[in-house]
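Novice: for reference, the sequence and a predicted model appear below.
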Amino acid sequence: MEFLNELNPSQYEAATHVEGPMMVIAGAGSGKTKVLTSRIAYLIENGVDAFHILALTFTNKAAREMKNRISNVVGESEAKNVTMGTFHSVFARILRHHADRLGYPSNFTIYDTQDSKSLIKSIIKEMGLDDKIYKPGVVLSRISSAKNNLISATQYEQKSDIVAVDRMSAKPQLYLIYKQYEQRCFKASAMDFDDLLFKTNLLLRDFPDVLQYYQHRFHFILVDEYQDTNYSQYLIVKKLAAVHENLCVVGDDAQSIYAFRGADIENILNFEKDYPDYKLFKLEQNYRSTKNIVEAANSVIGNNKNQIKKTVWTQNDTGNKIKVVRTLTDNEEGRWIANSIYDNKQASGELHSNFAILYRTNAQSRAFEEALRKLNIPYRIYGGLSFYQRKEIKDLIAYFRLVCNPNDEEAFKRVINYPKRGIGDSTIDTLFVASQNYQIPIWELIENFHQYPVNINGGAKSKIEQFVMMINRYRGQLETHPASDIAEDIARSSGISKLLYDDKSPEGVARHENIQELLAGIKEFSDSGEEGELLTLGDFLLDVALLTDADDDKDKETPRVSLMTIHASKGLEFPHVYIVGLEENLFPSQMALHSRADLEEERRLFYVALTRAEKKCTLSYSMCRYLYGRPTTSEPSRFIQEIDPAYLEIEVPNKPESGRSLNLARPVLSTPSSGLSGSFKSVQQVRPMNDHLKKNSDIKVGHVVMHEKFGKGKVLSFEGAGSDKKVKIFFAGNGEKTLLMKFAKLEVLD
DNA sequence: GGAGCTTCAATTTTT
DNA sequence: TTGAAGCTCC
């Protein structure tokens, strides 16, 4: 077993320990994934049937990576038999298998966060509550944390302490929303993300035969990132492992940064209580970073009370000290960092992909984008909307969902009138009210108007019937046609494809391309099956519902600087890391200052940030930054002081009168080499607001004008007068538009 | 139904 | 500042 030779002694011990409960505390950069994959390979090589192994991760990416690594060692055909995936995807599959036990059909829909919010919003509206007080996002997070603690709506209502909290925050009816939400999800044959774990718990609790089956199937269970498990996940793992107790959990309490989402660090701290005879392994040698970085990170995390004792060390070089930079403004911070990347690249000849800028909040990215653009440094922002969250993708997928599960209310709402087919909001509202009154799913209602009279006009009714026929036609093909056939048919005959094709604005073109890309992806999926295997649209949805990361490494060819939040950087590493915005109220976040636990989580976040760096790490803070459009002064973060100064190198602060301040920033620095879009954007921002009012009166027929959104166009004619005066313009690419003169922002070009 | 205005709020977010 | 969502007018 050659792969074992690559392990150091403590890694080796952990990877080759077979029986019984064990916990691996893996410091940052200590080869955690390597141990996990080696252990699985070791089990298989020692005769354990891959079929009996369950490995749970938190991200698809981690699961994919592990699967690949294991394939490389034991071969793909063996690796394939390991049950490996995210908690959500593994248990979603198990739930599909036993859905009938819970009264669900096996083709249940998985609601994403948007769906959940939208449903909660309609419930709030239907109950006549104020959505200023009952904010859908807040309500959802209350419900979510209840579910993660295995509290059902009925139990929620009975827990006086929980209800009291809601009453204190002026939301006494929250339990009723939860109840409604629970019912509506059930009626729609839908489970949200939390349900996948919650219902798995119900399944294992209420059906002993199911529990026993999986207890005996999974002889070996491995859990990655154990510090991020919530109570619901903890209990599933505990139950499944109860017979064989061959449970191996791997994690790092110092890197727990998702408590705000219900992750319970106690799970790792209490492992000992559940399994008193457990074996503890510690991976303390860091292979990633220089001594300075490792020691600096240690000195920071030492300020946390709540932690498992360990000493992370490294044999790597001492390396450079961590640089601390102070700038006057956020824009200057951006420029300083961009310049530093430029200089470092010049000096070392490294790729841009060796550099990362990490920040606490997404909003901070702007200054860095601008500065990097001006220096023509390619970058990529991680986070933001992933492919599957784009509206056009969600719309098309909503058709797929509706075809597979017509009770899916959220999918129904999305597509019933998209593309426009003359079924308006009031009609839809009437349908929803009627479906509530009749106590039936909305699809049953509209399929059977003759049976359930509804007060809507004949025109709308026949349009709905047409819609029903269209969806039913696809439904008929569901089990006989490959996913790609139906998908392409839907995209075409629903009108979505044409609608986006006809939109020639840059956004429209991009949207159409996205749809094409999705269809191509489905085609690839359909073709990926074994000989003679039919992969249906339902199979595709099963795959796609839990895929959130875009992982489109299409533009890999250009190495790019990475920009991301620290949360998003977990698990990654870069030779050069810039941690920016190290200011009180930003990092640590203002919201985290109230409790010790929150502050400790921020500190762990900082620890994660520091330990991303391999060679050079730079910290920056600004004395002044724009916050919500207002300039705000700021203090350096306490975290800087928490680093032992022996590992720091403070840049000489620039003098306040050094000129390069606020107002000069943008216009002065725009150079001829700057990217087109960059300079264009700043020109638009600089232009005085009322400019167009003066200009519009000068416009004559035949003039070529520029419109902010539609681009260049030619004035065809005028209509009306005074404040109603309209202008008809032909835009290249956007066609003819009639605009109100008083609103249109036009600029005469000749 | 759509365009364009006003208004309001504003961490982090593996699924 | 940005953006989403609501409102108003054709």
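Specialist: Perfect, I can see it now. Residues are numbered from 1 along each chain as shown, chains lettered A, B, ... in the order given.
Novice: residue A:642 and residue A:301 touch, don't they?
Specialist: No. Residue A:642 lies out of contact with residue A:301 (C-beta atoms under 8 Å); the separation is 9.1 Å. The way it works is simple: take the backbone N, C-alpha and C, and place the C-beta from them, glycine included.
Novice: what do these two both touch?
Specialist: Counting by C-beta atoms under 8 Å, 6 or more residues apart in numbering, the residues touching both residue A:642 and residue A:301 are residue A:603.
Novice: strands along the stretch 51-200 of chain A, start to end?
Specialist: Using DSSP state E, counting those that start in this stretch, the strands of the stretch 51-200 of chain A run over residues A:53-57, A:83-86, A:109-111, A:190-192.
Novice: re the thing from before, looking at residue A:642 and residue A:301, which one has more neighbours?
Specialist: Neighbour count, other C-beta atoms under 10 Å: between residue A:642 and residue A:301, residue A:301 has more, with 25 against 15.
Novice: neighbours of the nearest residue to the more buried one once chain neighbours are set aside, how many?
Specialist: Computed as C-beta to C-beta, 6 or more residues apart in numbering, the closest residue to residue A:301 that is not its neighbour in sequence is residue A:607, at 4.6 Å. Here the number of neighbours of residue A:607 (other C-beta under 10 Å) works out to 24.
Novice: how close does residue A:607 get to DNA strand B?
Specialist: Separation of residue A:607 from DNA strand B (C-beta to the nearest atom of the strand, to the nearest Å) stands at 14 Å.
Novice: mind listing what's buried along the helix or strand containing that residue?
Specialist: Using DSSP states H and E, residue A:607 sits in helix A:596-610. Residues A:598-610 are the ones in helix A:596-610 that count as buried (16 or more other C-beta atoms under 10 Å).
Novice: out of these, the closest to residue A:629 would be?
Specialist: Comparing those against residue A:629 with C-beta to C-beta places residue A:602 closest, at 24.9 Å.
Novice: thinking the closest one is in contact with residue A:586, fair?
Specialist: No. With contact defined as C-beta under 8 Å, residue A:602 does not reach residue A:586; the gap is 10.4 Å.
Novice: list the contacts of stretch A:13-21.
Specialist: By C-beta under 8 Å, 6+ apart, the residues outside stretch A:13-21 that reach it are A:4, A:7, A:22, A:24, A:35, A:38-39, A:42-43, A:46, A:241, A:245-248, A:271, A:274-275, A:277-279, A:281, A:283.
Novice: longest helix in chain A, please.
Specialist: Longest helix in chain A, counting residues (DSSP state H): helix A:506-527.
Novice: what about it and DNA strand B, touching?
Specialist: No. Under the criterion of C-beta under 7 Å from any atom of the strand, DNA strand B is not reached by helix A:506-527; the shortest gap measures 11.1 Å.
Novice: output the contacting helices and strands for whichever helix or strand comes after that helix.
Specialist: Downstream of helix A:506-527, the first helix or strand assigned by DSSP H and E is helix A:537-544. Helices and strands touching helix A:537-544, by 3 or more C-beta pairs under 8 Å, 6 or more residues apart in numbering; DSSP states H and E, are helix A:87-98, helix A:391-404, helix A:483-493, helix A:506-527.
Novice: work out the gap between whatever helix or strand comes next after the shortest one and the centre of the chain.
Specialist: Elements were assigned by DSSP H and E; along the chain past helix A:483-493, the next helix or strand is helix A:496-502. When distances are taken as C-alpha atoms, centre = their mean, to the nearest Å, helix A:496-502 is centred 27 Å away from the chain's centroid.
Novice: can you tell me what sits against helix A:496-502?
Specialist: For helix A:496-502, the surrounding residues in contact (C-beta under 8 Å, 6+ apart) are A:392, A:395-396, A:399, A:418-419, A:490-492, A:508, A:511-512, A:515.
Novice: how does it look with 10 Å?
Specialist: For helix A:496-502, the surrounding residues in contact (C-beta atoms under 10 Å, 6 or more residues apart in numbering) are A:392, A:395-396, A:399, A:415, A:418-420, A:488, A:490-492, A:507-516, A:519, A:735.
Novice: contacting residues around residue A:209?
Specialist: Applying C-beta under 10 Å, 6+ apart to residue A:209 gives the contacts A:98, A:101.
Novice: residues touching residue A:93, list them.
Specialist: Residues counted as contacts of residue A:93 (C-beta under 10 Å, 6+ apart) are A:83, A:85, A:196, A:542, A:546.
Novice: redo the residues you listed as TSV? Include neighbour count and distance to residue A:92.
Specialist: Listed next are the contacts of residue A:93 as TSV, based on neighbours: other C-beta atoms under 10 Å; distance: C-beta to C-beta, whole Å:
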residue	neighbour count	distance to residue A:92
A:83	18	12
A:85	22	9
A:196	25	5
A:542	18	7
A:546	20	6
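Novice: of those residues, list those near DNA strand B.
Specialist: Residues of those in contact with DNA strand B (C-beta under 7 Å from any atom of the strand): residue A:546.
Novice: if I look at the residue in chain A positioned nearest to DNA strand C, how far off is residue A:84?
Specialist: Closest approach of chain A to DNA strand C (C-beta to the nearest atom of the strand) occurs at residue A:629, with a separation of 2.3 Å. Separation of residue A:629 from residue A:84 (C-beta to C-beta, to the nearest Å) stands at 47 Å.
Novice: likewise residue A:612?
Specialist: In this view, residue A:612 and residue A:84 are 25 Å apart by C-beta to C-beta.
Novice: what's the burial count for the closest residue to residue A:194 other than its chain neighbours?
Specialist: Using C-beta to C-beta, 6+ apart and skipping the chain neighbours, the partner closest in space to residue A:194 is residue A:147 (3.9 Å). Residue A:147: 27 surrounding residues under other C-beta under 10 Å.
Novice: what's the answer for the one 4 residues further on, then?
Specialist: Counted with other C-beta under 10 Å, the neighbours of residue A:151 add up to 19.
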